[in-house]
Every structure is written in C-alpha cells, then in structure tokens.
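> this one's structure only:
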Ligand SMILES: Nc1ncnc2c1ncn2[C@@H]1O[C@H](COP(=O)(O)OP(=O)(O)OP(=O)(O)O)[C@@H](O)[C@H]1O
C-alpha cells in the first residue's frame with residue numbers, strides 16, 4: 001500500500017470474520033493529520049471491531065493497515081507507543097484519587113511527572129484531582145479515561161463512543177475537550193459514535209459504516225451541504241415537472257400538496273418560483289432546511305437507521 005497523501009492512518013480493504021459471520025467486508029479509512037474523523041454507524045455496524053484492528057487487538061482476515069506511514073503488522077510496538085485509545089469500559093482504581101490513578105500510568109509508561117498536571121488541566125479535572133474516583137460522576141470518569149489515554153501525548157487518539165451514557169452537560173464538555181485536541185495539542189482524533197447529530201458538531205471528516213461496509217467517506221460539509229426544500233402548491237403534478245427540471249431526479253417525496261427535494265444552489269429557488277407562477281401554479285410556501293445527518297443517513301442507506 002502506498003500512502004500518497006500522507007494520511008496519518010490509512011486502511012486498505014479491511015475484512016474480518018468472527019466464525020462464519022462476516023463483520024467487516026471492505027473498510028478503507030483515510031485519516032488526515034490534524035483531523036477529527038467521525039466514524040459513524042448503528043450498533044453492531046463494525047465500529048469497535050475496526051478500532052480493535054487498528055490497535056492490533058484483533059487481526060484482519062484481509063486488507064492492510066498503515067499508521068504514521070508504517071505497516072501495523074511489522075511496526076506494531078513502535079506505532080502503538082504513539083497512539084492513545086479508549087475502546088472498552090475504562091478501568092480505574094475507585095479507591096484512589098484521579099491524580100493517583102494517573103500517576104500509576106505515568107510511572108508505568110515512565111513519563112515526566114508534569115504530564116499528570118497537564119492532562120488534568122486539559123480534561124478540566126484539576127479541582128477534582130484529589131477526590132476518590134468512586135465519588136466521580138460518569139462524565140468525570142469519562143474525562144479521566146481520556147486523560148489516561150492522553151497522558152503520553154499521543155499523535156493519534158482513538159475513542160470508541162466516549163459520549164455514551166453522558167448527560168447533555170457531560171456531552172458538551174466532552175465535545176469541547178475533543179475539539180480542542182488537534183488545534184491546541186496537534187493530536188489527530190478518530191472517534192466513533194452512533195449519534196449522528198453529535199458527530200456533526202465535532203467531526204471535520206466522516207466515515208459511515210453500515211453492515212461492515214464504508215458507505216460514505218468525505219467532509220462533513222459536503223455531506224450536509226445540500227439543503228432540503230419543502231414546496232407547497234395547488235398543483236403537484238406541474239410543480240413536480242418544474243422542480244425536476246432544476247433538481248434532476250433529486251425529488252425525495254411528494255405527500256399531499258408538499259414536494260420535498262434537495263437543492264445545492266439556494267439561488268435556484270427564485271427560478272423555480274418564477275416558472276411555477278408562469279405556469280399558473282399557486283405557490284403557498286417554499287422553504288429550505290439544512291439537512292440533518294439523520295436525513296443524510298436516510299438518503300445514503302434508504303433506511304431510517306441511526
Ligand atoms: N469477539 C467477537 N466474537 C463474535 N462476534 C463479535 C465479536 N465482536 C463483535 N462481534 C460481532 O460483530 C458485529 C460488529 O460488532 P462491533 O462491536 O464491531 O459493532 P459496533 O459498530 O462497534 O457496535 P456497538 O456500538 O454496538 O459496539 C456484531 O454483530 C457483533 O455481535
């Protein structure tokens with residue numbers, strides 16, 4: 001595999017079976033340095049399995065993995081030294097404080113003492129560092145888990161559903177923390193989630209996995225770029241013909257008197273209204289709404305999976 005564009009992580013047609021069950025069929029991720037890459041899919045789509053392959057915790061049946069420009073199967077130890085990860089439930093010593101838990105890892109990895117205070121600050125736990133972890137809220141525990149993954153200041157951070165189970169405030173704090181990592185510390189982030197709206201507030205690039213296949217990979221902006229429009233008229237048949245002229249086949253549905261369609265260029269709405277009026281059609285309303293990721297997922301997969 002050649003890594004022509006200097007991706008920090010690139011996989012090439014990864015496949016993985018568990019017994020007879022083919023869990024991953026064809027997953028080629030491309031992650032650029034400094035990105036927040038959102039890995040989206042419903043429960044069971046294959047996100048955790050992919051992440052375990054990236055960390056060498058599982059072996060692929062087919063395909064290659066290249067991280068930091070090196071093949072994972074031949075440079076595993078060297079690569080893993082520069083990756084921080086939170087994949088399964090984090091494990092802490094509940095009867096120790098946050099700082100004590102971090103100190104244990106710092107000693108194990110032979111890191112400088114100052115790293116503990118630095119990561120406590122990044123995850124906003126400086127004021128709770130001397131509290132026993134058993135008294136931490138779920139959000140604080142998740143942030144401590146991120147601090148553990150960050151303590152070696154890795155080049156790449158891999159997080160499997162870190163917002164799972166958090167309340168809105170906890171989610172907000174986690175989101176702000178993750179958003180700060182590439183810009184402030186030069187850390188690239190790969191984060192998985194089944195929450196599409198959550199991801200749209202954080203990720204610059206998105207990979208969407210469904211039944212073990214990557215069905216979309218690209219910028220978040222181009223994924224949500226087209227607006228969804230709703231047009232209400234007194235003549236749906238003519239309206240549909242006119243709208244089709246401007247949208248091609250991008251008419252999503254037509255229910256009672258309302259047509260729903262995608263339009264890339266908002267300026268075209270003026271032309272559509274003019275054409276409708278010229279054809280004697282009464283326009284009751286035409287308005288656009290930026291597509292949510294849920295809409296996008298529906299467009300891509302034809303199902304309302306989230
Ligand atoms: N060790 C294993 N042995 C057998 N089957 C497994 C194993 N790990 C995962 N699977 C199966 O592989 C499929 C994909 O699981 P995976 O955990 O990768 O999905 P996911 O997208 O991360 O979903 P979730 O968010 O629920 O973890 C599921 O059908 C799961 O039951």
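Received it, and whenever you're ready, just let me know what you need. It should be emphasised that the depicted structure is a prediction, and the values quoted were computed from it without experimental measurement.
> and the end-to-end length of stretch 44-64?
Chord length of stretch 44-64, first to last residue, is 22 Å (Cα to Cα, to the nearest Å).
> cool, stretch 107-122 as well?
By Cα to Cα, one end of stretch 107-122 lies 20 Å from the other end.
> Buried ones in it, by neighbour count?
For stretch 107-122, a neighbour-count test (16 or more other Cβ atoms under 10 Å) marks 111, 115, 116, 119, 120, 122 as buried. C-beta coordinates here come from the backbone N, C-alpha and C atoms, glycine included.
> Likewise for stretch 42-50?
42, 45, 46, 47, 48, 49, 50.
> Run through this protein and note the low-pLDDT ranges.
Applying pLDDT under 70 to the chain flags residues 1-5, 224-226, 249-252, 254, 291-294, 297, 301-306.
> Check it and tell me which residue is nearest its centre.
residue 38 (1.7 Å; Cα atoms, centre = their mean).
> how far away is that residue from residue 279?
Note on residue 38: its distance to residue 279, by Cβ to Cβ, to the nearest Å, is 43 Å.
> ok, which residues in the stretch 201-306 of the chain are in contact with the ligand?
For the stretch 201-306 of the chain, no residue is in contact with the ligand (Cβ under 6 Å from any ligand atom).
> do the stretch 1-150 of the chain as well
So far as Cβ under 6 Å from any ligand atom goes, the stretch 1-150 of the chain lies against the ligand at 18, 23, 41, 43, 44, 45, 46, 47, 48, 49.
> Turn the residues you listed into a markdown table, including secondary structure.
Below are those laid out as a markdown table (DSSP: H, G, I helix; E, B strand; the rest coil):
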| residue | secondary structure |
| --- | --- |
| 18 | strand |
| 23 | strand |
| 41 | coil |
| 43 | coil |
| 44 | coil |
| 45 | coil |
| 46 | coil |
| 47 | helix |
| 48 | helix |
| 49 | helix |
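> ok so, going back, kindly indicate which of the buried residues of stretch 107-122 lies nearest residue 267.
Set against residue 267, the nearest of the buried residues of stretch 107-122 by Cβ to Cβ is residue 122 (44.2 Å).
> ranges for the helices of this protein?
In the chain, helices defined by DSSP state H lie at 47-54, 76-80, 98-108, 114-122, 138-150, 168-185, 196-200, 220-224, 236-247, 268-278, 293-301, listed in chain order.
> what's next to the fourth one, contact-wise?
Put plainly, it is helix 114-122. 98-99, 102-103, 106, 126, 129, 147, 150-153, 177, 180, 185 (Cβ atoms under 8 Å, 6 or more residues apart in numbering).
> domain assignment for this protein?
With domains defined by automatic domain parsing, the chain comprises 9-219, 226-290.
> Out of these, flag the one nearest residue 296.
Between those, domain 9-219 lies closest to residue 296; by Cβ to Cβ that is 7.6 Å.
> What distance separates the opening and closing residues of that closest one?
Start-to-end, domain 9-219 (Cα to Cα) is 16 Å.
> And for stretch 32-51?
End-to-end for stretch 32-51, by Cα to Cα: 16 Å.
> Next: stretch 273-289.
Start-to-end, stretch 273-289 (Cα to Cα) is 17 Å.
> list the buried ones in it?
273, 275, 276, 281, 283, 286, 288.
> circling back to that earlier point, excluding covalently adjacent residues, which one is nearest to the residue nearest to the centre of the chain?
residue 203 (2.9 Å; Cβ to Cβ, 6 or more residues apart in numbering).
> Likewise for residue 223?
residue 296 (5.4 Å).
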